[in-house]
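Visitor: Here is the input, now give the coordinates:
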Amino acid sequence: MMIKKMFFAALALGVFASSCSDDDDNNTASNTANLTLNLEGLEPLGSDFVYEGWIIVPGEQLPVSTGLFNVDDAGALSQTSFTVDAAQLEAATRFVVSIEPVGETGQAALDPADTKLLVGEFSGTTAQVNTGIVGDFSDASGTFFLRTPTDEMPMMNNGNDQYGVWFGAPGMPPTPNFVLPTLPAGWAYEGWVIGETGPISTGTFTDFGARDSFSAFSETMQPGPPVPGEDFFLAAPAGETFPLDVRGRMVVVSVEPVPDDSPRPFVMKPLVGTAGQETAPSSHDFGQNLGTLPTGTVTR
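Guide: A predicted model of the protein is given here:
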């Protein structure tokens with residue numbers, strides 16, 4: 001009889017323990033939920049950067065990270081489904097994608113960088129995300145002209161204006177001529193000319209009426225004009241031959257993360273044009289290239 005009682009007591013304890021274990025598993029499962037990303041138009045980042053998703057939850061002091069991901073050369077995400085705290089996900093009102101340095105630690109890892117690329121508000125179970133947080137480029141326009149002021153004496157023209165490109169309207173001095181939004185912190189514009197081996201940067205800028213960040217290709221007889229641009233005389237990149245004749249080449253203005261993720265143009269290229277044969281005082285029009293802007297949906 002004693003043996004039988006001990007057997008039933010052990011059996012009851014086992015059933016109780018199993019029940020508690022099942023309850024714990026069920027509670028753990030019910031505390032998390034899946035978030036699914038369906039994003040298009042993204043490009044691979046440089047090796048030192050990664051995309052990160054965030055949800056904005058009312059009452060939380062900081063955004064809540066939903067996880068890191070990158071994309072391959074075809075634009076496919078390395079991960080599309082993420083496990084998130086169920087209560088936080090249900091309460092979230094907004095979803096954000098930022099570009100973050102790899103290996104962030106401390107406070108920097110708890111808050112999105114200034115390079116916020118996509119944002120969208122949740123409506124029911126879905127958020128439609130787009131690049132509106134960076135700027136509205138729907139009316140983007142501008143002009144550029146061919147001129148080589150950095151290898152000339154004041155008030156003289158060497159007759160080789162095909163070797164330089166400057167952004168704005170030609171004149172004495174040249175003036176800004178862009179319809180582009182002022183970018184938020186974390187972003188800058190960058191000019192490019194497509195050379196024989198690929199894009200050649202003319203420098204980054206945030207002020208349309210000032211010189212840009214770069215002048216290493218230009219001559220040094222005098223400074224460039226008070227607009228972004230570059231002459232192509234010195235220190236040609238590998239595979240390129242300077243002076244570079246810009247006529248007939250594609251000229252691009254891109255939007256770049258700061259710090260930059262790659263030596264090539266970022267996916268956002270609001271202005272693209274082709275240089276004609278005319279040099280200053282003629283100018284050339286940029287066209288829009290808005291079809292590549294990233295977009296997508298996020299489902300909880």
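Visitor: The residue positioned nearest the centre of the chain bridge partners, please.
Guide: Most central in the chain under Cα atoms, centre = their mean is Pro257, positioned 5.0 Å from the mean C-alpha point. Counting by DSSP bridges, Pro257 forms beta bridges with Trp187.
Visitor: you'd agree it is up against Glu100?
Guide: No. Pro257 lies out of contact with Glu100 (Cβ atoms under 8 Å); the separation is 10.0 Å. All C-beta spots, glycine's among them, are computed from the backbone N, C-alpha and C.
Visitor: any common contacting residues for the two?
Guide: Common contact partners of Pro257 and Glu100 (Cβ atoms under 8 Å, 6 or more residues apart in numbering): Phe49, Thr115.
Visitor: that older thread, please tell me how far the residue nearest to the centre of the chain sits from Pro294.
Guide: Pro257 sits at a distance of 12 Å from Pro294 (criterion: Cβ to Cβ, to the nearest Å).
Visitor: who touches both of these two?
Guide: Joint contacts of Pro257 and Pro294 (Cβ under 8 Å, 6+ apart) are Leu117.
Visitor: Can you tell me the SS state at Ala108?
Guide: Under DSSP: H, G, I helix; E, B strand; the rest coil, Ala108 falls in the helix class.
Visitor: Report the contact partners of it.
Guide: When the contact criterion is Cβ under 8 Å, 6+ apart, the partners of Ala108 are Pro101.
Visitor: now swap in the one 10 residues further on and tell me
Guide: Leu118 is in contact with Leu39, Phe95, Val96, Val97, Val129, Asn130, Thr131, Ile133, Pro294, Thr295, Gly296, counting by Cβ under 8 Å, 6+ apart.
Visitor: Please repeat the previous calculation with a cut-off of 7 Å.
Guide: Leu118 sits next to Val96, Val97, Val129, Asn130, Thr131, Pro294 when contact means Cβ atoms under 7 Å, 6 or more residues apart in numbering.
Visitor: Which one of these is nearest to Trp187?
Guide: Thr131 (10.2 Å; Cβ to Cβ).
Visitor: what sits against the closest one?
Guide: For Thr131, counting by Cβ under 7 Å, 6+ apart, the contacting residues are Leu117, Leu118, Met268, Leu293, Pro294.
Visitor: can you give me the helices in the stretch 201-300 of the chain?
Guide: Ranges of helices within the stretch 201-300 of the chain: none, based on DSSP state H, counting those that start in this stretch.
Visitor: Sketch out the low-pLDDT regions of it for me.
Guide: The model of the stretch 201-300 of the chain has pLDDT under 70 over residues 290-291.
Visitor: where along it do the strands fall?
Guide: 229-231, 250-257, 268-274, 284-285, 287-288, 295-299 (DSSP state E, counting those that start in this stretch).
Visitor: most tightly surrounded among these?
Guide: strand 229-231 (a mean of 28; mean count of other Cβ atoms under 10 Å).
Visitor: List the pairing partners of that strand within its sheet, with orientation.
Guide: By DSSP bridges, strand 229-231 pairs with strand 164-167 (antiparallel).
Visitor: Can you give the distance of the strand it pairs with from its chain's centre?
Guide: Offset of strand 164-167 from its chain centre (Cα atoms, centre = their mean, to the nearest Å): 24 Å.
Visitor: Tell me which helix or strand comes right after it.
Guide: Next helix or strand after strand 164-167 toward the C-terminus (DSSP states H and E): strand 178-179.
Visitor: Walk me through which strands that next one pairs with, and which way each runs.
Guide: Its sheet considered, strand 178-179 pairs with strand 141-146 (antiparallel) by DSSP bridges.
Visitor: Now the partner strand: average pLDDT?
Guide: Here strand 141-146 scores 98 as its mean pLDDT.
Visitor: quick one: buried residues of it?
Guide: Going by neighbour count (16 or more other Cβ atoms under 10 Å), the buried part of strand 141-146 is Gly142, Thr143, Phe144, Phe145, Leu146.
Visitor: which one among those residues gets closest to Val179?
Guide: Gly142 (6.5 Å).
Visitor: Would you quantify the distance from the nearest residue to the closest one once chain neighbours are set aside to Val193?
Guide: Among residues not flanking Gly142 along the chain, Phe178 sits closest, at 4.1 Å (Cβ to Cβ, 6 or more residues apart in numbering). Per Cβ to Cβ, Phe178 is found 17 Å from Val193.
Visitor: Lovely, talk soon.
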